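**Student:** Sequence and predicted structure below; questions after.
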Amino acid sequence: MKRKGIALIITIAFVAAITALIGISSGLLDNAFKRISNKLFLIQSNVVFADFIGVLKEASRDVNDSLGLDIFLSVPLYFENEANSIIVDISFESQASKVNINHLIKETGSKKEKESFEPIAMQTAYEEYLNQILAVYNLSDKILLLSMIADTIDSDLKERLSGSELALSDPFFTQGQIYSLHHFEQITAAYKKQTLDFNVDLVPWDKLIGFQADQIDFNHINPEVLQHLVPALDPESTSLYTTDKVDIYESMEDLPFEAETKKLLQGMNVVFYSPYVHGKMNINNDARTMQIAFTYDLSEQKVSNIEVSD
């Protein structure tokens, strides 16, 4: 498999940047805590996060391909400030490792769609992916759950099945998009209430579906996702493409799959580099813990979707 000669230079530059980041982290934290030594832990955490993002932008500016992303995701970041009893650890994962469930419906907002008495059709590739999952976990009413998901994603109130349009029974239920795993779990909870089918809880939804990325990065795809996308793959082969991979794939032509499988992957928006990563910063002191989750765009060096929890 061909590799660009510049990849090595980029790799060295990125490792050097991360090394510098770790080297200055102690000073970064010291400065932050000196400025806010008499402030609340929340303010401390916000300052640490803001300072880290500033350094991250400098350290990650040369990450623009699969090799650089591989290294970026593998470098552990851990800072400790003994004087303030503060421990900070940061981890990253590809935002494009799962299937964006919102792609099940492609809503155009056209006049024809709005005037039609029929609900918007599901996209075949995404419907088949979800059907495969529901069959493996032996759900009793696959059609109902799929209908609930689809009726949540579209913005109309046209029921696919009786009881599938949750917004009709709950005026506070948000639809038009599924925003998070918590939002999705409202759907599965309604499904369980109607069917008493608790097999839905056995599905590892957190590994199989996402809500933000428009593409799937094959080089960082979750093994569970690949297994359901290409069910003919045996577990050993699946591992060789995911958790135990030894190479990076740069195009669909590099994959030793049948033409039909490649066509399916293309239909699921599979690419070989996605710049979107999901970060988690855990900040701890003797009394409190805070987690700041966020999306980081390596190409634009922008932070979005910040969520704070404790």
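**Tutor:** Received it, and whenever you're ready, just let me know what you need.
**Student:** use CA for all of it now, contacts and neighbours both
**Tutor:** OK.
**Student:** Low-confidence ranges, the protein, go.
**Tutor:** 1-40, 83-84, 109-115 (pLDDT under 70).
**Student:** any idea which residue sits dead centre in it?
**Tutor:** Central residue of the chain (CA atoms, centre = their mean): Q95, 3.5 Å from the mean position.
**Student:** Verify the contact between that one and K280 for me.
**Tutor:** No. With contact defined as CA atoms under 8 Å, Q95 and K280 do not form a contacting pair (11.9 Å).
**Student:** Just the element for V303, please.
**Tutor:** Assessed by DSSP states H and E, V303 sits inside strand 302-309.
**Student:** list the helices and strands that strand packs on?
**Tutor:** strand 289-297 (3 or more CA pairs under 8 Å, 6 or more residues apart in numbering; DSSP states H and E).
**Student:** List the neighbouring strands of the strand it packs on plus their orientation.
**Tutor:** Taking DSSP bridges as the criterion, strand 289-297 pairs within the sheet with strand 276-284 (antiparallel), strand 302-309 (antiparallel).
**Student:** how about the strands of the stretch 201-310 of the chain, start to end?
**Tutor:** 209-210, 216-217, 270-271, 276-284, 289-297, 302-309 (DSSP state E, counting those that start in this stretch).
**Student:** Just put these in a markdown table and tack on mean neighbour count and distance to L157.
**Tutor:** Output for those, formatted as a markdown table (neighbours: other CA atoms under 10 Å; distance: least, CA to CA, whole Å):
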| stretch | mean neighbour count | distance to L157 |
| --- | --- | --- |
| strand 209-210 | 22 | 24 |
| strand 216-217 | 26 | 30 |
| strand 270-271 | 21 | 31 |
| strand 276-284 | 21 | 33 |
| strand 289-297 | 19 | 31 |
| strand 302-309 | 12 | 28 |
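**Student:** Nearest to L42, out of the ones you listed?
**Tutor:** Closest approach to L42 among the strands of the stretch 201-310 of the chain (CA to CA): strand 289-297, 8.2 Å.
**Student:** what residues does the closest one touch?
**Tutor:** Here strand 289-297 makes contact (CA atoms under 8 Å, 6 or more residues apart in numbering) with 45, 95, 275-284, 302-310.
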